[in-house]
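1. My questions concern the predicted model and sequence given below.
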Amino acid sequence: MYKQLIFASFLLLLFACVDAESAKHHNIQDAKWTAVMANHDVVMPMMGTTNKVRKKLKTLIAEPENLPAEKVEKINALIADLDKADESMMDWMNGFPQLKKLQAEKDHAEILKFLDEQDVVIKGVGIKMTNSIKAGMDYMEKLEQ
């Protein structure tokens, strides 16, 4: 009986340690997830800006006979860059699973590695969006001068 009591106590202690370690891992994963989503929240509103810049550029080429061909080509290239930036954001969002799904499919180290990689990717999307917006706005400003 005494051995069974010791064994049961050992099992309870073991399960308590496993649960504490699991909770610690979930807290670390939640913090990383929050950081990635904070970067997403910075980049996401840029889609509205890319749309506004794209619309303004399209109005410039609505009547292409008023512009030289090289300017029409440049504007079309700027619009394409804005489109690619938006597509990058949509691709990232469509391929980014919920944390619960990651936790069901991957171990702690894999989750952290994935979240670190995705943080780099979403920051890259932000850079691509910022650069395409700036290029479009700079070109429109140049045309106005």
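-> Yes, it's here.
2. What ranges does the chain have for its strands?
-> Per DSSP state E, the chain has no strands. Nothing in it meets that criterion.
3. Quick check: which ranges of it have low pLDDT?
-> In the prediction, the chain carries residues with pLDDT under 70 at positions 1-20.
4. most centrally placed residue in it?
-> The residue at the geometric middle of the chain, judged as the C-alpha nearest the mean C-alpha position with CA atoms, centre = their mean, is residue 122 (3.2 Å).
5. any idea how far residue 53 is from that one?
-> Distance, residue 122 to residue 53, using CB to CB, to the nearest Å: 20 Å. From N, CA and C alone the C-beta is placed, and that goes for glycine too.
6. circling back: who touches the residue nearest to the centre of the chain in this structure?
-> Residue 122 sits next to 36, 39-40, 43, 92 when contact means CB atoms under 8 Å, 6 or more residues apart in numbering.
7. Just those: which are in helices?
-> The members of these that map onto helices under DSSP state H are 36, 39-40, 43, 92.
8. Only whichever of these are buried, select them in ChimeraX.
-> For the buried members of the ones in helices among the contacts of residue 122, the matching ChimeraX selection, counting by 16 or more other CB atoms under 10 Å, is:
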select :36,39,40,43,92
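9. if we can go back for a sec, gap between the residue nearest to the centre of the chain and residue 39?
-> 5 Å.
10. cool, residue 143 as well?
-> Using CB to CB, residue 143 is found at 33 Å from residue 39.
11. how about the helices in this structure?
-> For the chain, the helices identified by DSSP H occupy 2-43, 46-60, 69-95, 99-105, 108-144, in order along the chain.
12. follow-up on the earlier one: quick one: which of the ones in helices among the contacts of residue 122 is nearest to residue 134?
-> In terms of CB to CB, no member of those lies closer to residue 134 than residue 43, at 14.5 Å.
13. Nearest residue to that closest one in space, please, no chain neighbours.
-> residue 126 (4.1 Å; CB to CB, 6 or more residues apart in numbering).
14. my read: the one you found touches residue 44, true?
-> No: Residue 126 is beyond contact range of residue 44, at 9.5 Å (criterion: CB atoms under 8 Å).
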